[in-house]
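In: Any chance you can model this:
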Amino acid sequence: MKHYYFEVERRHRESHVYITNEASQKIGEIILNPREKFDKEHSFLFRYRDGESYFLGLRQRRFKDMNVARYELFTDDEKFKFKERKIHNIMNFRVDGVIDDSNYSFTERVANTLEMVKEGVTIGRITEDEIVVNDHTLRVEESVLFLMYFMFKLYKREPVSFKKYLYNMG
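Out: A predicted model of the protein is given here:
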């Protein structure tokens, strides 16, 4: 299992939120990245140290789907869609989607813990204090888990204590 952590770094007037590994090495940064057709407060980019990046945004809601949130994940050359499950989303957070022909679900199984399930097998979980993923998770899987945490907290109507420190590209 790989363990990651959120790390806030503040210097002068700028602040950044990084994901670090067990050796306290920064593997990447989470950035607030407003884009057209997405909610400007809930559009995030995760950029690995080598420049590879992933964007996850909450689509602006239309009247006909006010109760079902839709998310889009962009890699350098692909787009994947996720959406809340009707009825399931009334009591608990539940988002489903497909990445490279594999089914993924993001659910709250334990209080304040978001789990990522691929084809029925839990491959990662995230809390405010720690991120745990299987050793063989792909970068796209890690990235969507890091970023979906913000959508989970939005659903719960709970603040993310370090969100105010995200670097804003807008």
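In: Quick check: what element follows the helix or strand containing residue 98 along the chain?
Out: For residue 98, the element it lies in under DSSP states H and E is strand 94-99. The first helix or strand that comes after strand 94-99 along the chain, using DSSP H and E, is strand 102-110.
In: what's the angle between that following strand and strand 94-99?
Out: Interaxial angle of strand 102-110 relative to strand 94-99 (axes from the mean of the first three to the mean of the last three C-alpha atoms, to 10 degrees): 160 degrees.
In: Quick check: neighbours of strand 102-110 in the sheet, parallel or antiparallel?
Out: Sheet pairing of strand 102-110 (DSSP bridges) gives strand 94-99 (antiparallel), strand 113-118 (antiparallel).
In: and the longest helix seen in the chain, which residues are buried?
Out: If you go by DSSP state H, the chain has its longest helix at helix 139-156. Neighbour-count burial for helix 139-156 flags 140-155 (criterion: 16 or more other C-beta atoms under 10 Å). Backbone N, C-alpha and C define where each C-beta goes, glycine included.
In: Can you tell me which of these comes closest to residue 118?
Out: Distance ranking of the buried residues of helix 139-156 against residue 118, using C-beta to C-beta, places residue 141 first at 7.1 Å.
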